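> missing the sequence, but the structure's below:
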């Protein structure tokens, strides 16, 4: 082999190493971007005794948007509808207590941006003193939300798992 052959072979090896390094850097960059745009939905339930309000708030604590793909509010293992709320659930829960409520319904493909805080379940009691028992009443409602990140990775947030309310087996 002549010197020019060795030089050509060495430049080919250097080019292949550069190509491999570039491919690995692209892989790492994509992994980093997936983590950088990862949504994390969670819900908190709290009461405000001063304003006589009990609420469940949905929060995106992640760094990327969450694209809602499915949404259910569940009470006693059954999906809640407005009809079932007015006719059976709330009259039993708040018998004789004046109350107002608001249930936010998330639409498919609705975007929950990072840092968003949405009142999903909101009860107000104009003439009732909110107590710790109210917290247990509002925690009887569960949220199941299926969502995706910007890269199409599906996740599910289920408050039954967060609040350890799956029935014992």
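Ah, there it is. Bear in mind the structure is a predicted one, so any value in this text is a computation, not a measurement. Numbers count the residues shown, from 1 in each chain.
> Let me see the contact set for the one residue sitting closest to the centre of the chain.
The centroid of the chain falls nearest to residue 41 when counting by Cα atoms, centre = their mean (2.3 Å). Applying Cβ atoms under 8 Å, 6 or more residues apart in numbering, we find residue 41 in contact with 58-62, 66, 112, 145, 147, 155, 157. Just so you know, the C-beta spots here come from the backbone N, C-alpha and C atoms, and that holds for glycine as well.
> residue ranges for the helices of the protein, please.
3-36, 82-84, 90-93, 132-138, 159-162 (DSSP state H).
> that older thread, what bridges to the residue nearest to the centre of the chain?
residue 60 (DSSP bridges).
> can you tell me how far it sits from residue 143?
9 Å (Cβ to Cβ, to the nearest Å).
> Overlap of the contact sets of these two?
58, 157.
> ok so, going back, show me which of the contacts of residue 41 is closest to residue 34.
residue 62 (11.6 Å; Cβ to Cβ).
> nearest residue to the closest one other than its sequence neighbours?
residue 40 (3.6 Å; Cβ to Cβ, 6 or more residues apart in numbering).
> any idea how far that neighbour is from residue 127?
38 Å.
> The two: which is more packed in?
residue 40 (16 against 8; other Cβ atoms under 10 Å).
> shouldn't that one be in contact with residue 58?
No: in this structure residue 40 lies outside contact range of residue 58 using Cβ atoms under 8 Å: 11.4 Å.
> Compute the mean per-residue pLDDT across the lengthiest strand in the chain, please.
Ranked by residue count under DSSP state E, the longest strand found in the chain is strand 66-75. Strand 66-75 carries an average pLDDT of 90.
> who touches residue 43 in this structure?
Per Cβ under 8 Å, 6+ apart, neighbours of residue 43: 56-59, 120, 143, 157, 159, 162.
> Please indicate which of those residues are buried?
Buried by 16 or more other Cβ atoms under 10 Å: 56-59, 120, 143, 157, 159, out of those.
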